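Participant: sequence-free structure coming up:
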């Protein structure tokens, strides 16, 4: 009996296609085998099908931000995780994004932040897109901040940030502008990097 249990542990596999071994998941992330096992158990409790739907993703966010409105922000983050543009995220994809956000380099996190702010995925960030993400972040945590942030303060912050990012003043922020300005301005990089603002 003990041998059967031990062999089950050794052949740990992720349910649902494509099947990934624990070792393969460890190689493509920066998590230990133990961390992956713990996260997988939690993932399977929330997602018995082995796929994370947007509604469940939003529910998970609500646990961390019970006093805010998580709907818009969770939607935007889900879109960045869901690169295949299907209805759900596999455990492997979820784990890889989580690994990047928790253990990625500053550049990797900023590349992800650019994808987040580029809502329509056209390779540019407009002032409207920047404003939408900042409003979503404010809805998520703003009412719990001190001092309280009002709409005027948020709009001013958005204007100042966009002016800094739009180096050539053409009304859009390219990936190159975004990365260059963030490399020069640590305060901007911190305020735009997701781990420093919300997670």
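Facilitator: Alright, I've got the coordinates. Owing to the predicted nature of the structure, the values given are computational and were not obtained by experimental measurement. Numbers count the residues shown, from 1 in each chain.
Participant: grab the nearest non-local neighbour of the residue nearest in space to the middle of the chain.
Facilitator: Closest to where the C-alpha atoms of the chain average out (Cα atoms, centre = their mean) is residue 77, at 4.8 Å. In space, and not counting its chain neighbours, residue 77 is closest to residue 116: 6.8 Å by Cβ to Cβ, 6 or more residues apart in numbering. All C-beta atoms are positioned from the backbone trio N, CA, C, and that covers glycine.
Participant: cool, and residue 124?
Facilitator: residue 172 (4.0 Å).
Participant: could you report the neighbour count for that neighbour?
Facilitator: 17 (other Cβ atoms under 10 Å).
Participant: list the residues that contact it.
Facilitator: For residue 172, the contacting residues are 124-126, 166, by Cβ atoms under 8 Å, 6 or more residues apart in numbering.
Participant: and the strands in this protein?
Facilitator: In the chain, strands defined by DSSP state E lie at 51-53, 88-90, 124-126, 172-174, listed in chain order.
Participant: out of those strands, nearest to residue 39?
Facilitator: The closest of these to residue 39 is strand 51-53. By Cβ to Cβ, the value is 11.7 Å.
Participant: can you put the strands of the chain in CSV and add distance to residue 40?
Facilitator: Formatted as CSV, the strands of the chain follow (distance: least, Cβ to Cβ, whole Å):
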stretch, distance to residue 40
strand 51-53, 12
strand 88-90, 12
strand 124-126, 35
strand 172-174, 37
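Participant: would you convert those into TSV that also reports mean pLDDT?
Facilitator: Below are the strands of the chain laid out as TSV (pLDDT from 0 to 100):
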stretch	mean pLDDT
strand 51-53	94
strand 88-90	92
strand 124-126	98
strand 172-174	98
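Participant: these: which one's closest to residue 65?
Facilitator: Taking those one by one with Cβ to Cβ, strand 51-53 is closest: 17.8 Å.
Participant: chain center to the closest one: distance?
Facilitator: Centroid separation between strand 51-53 and its chain, computed with Cα atoms, centre = their mean, to the nearest Å, is 15 Å.
Participant: could you measure the residue nearest to the centre of the chain against residue 119, distance?
Facilitator: Going from residue 77 to residue 119 by Cβ to Cβ, to the nearest Å gives 11 Å.
Participant: and for residue 159?
Facilitator: From residue 159 to residue 119 the distance is 18 Å (Cβ to Cβ).
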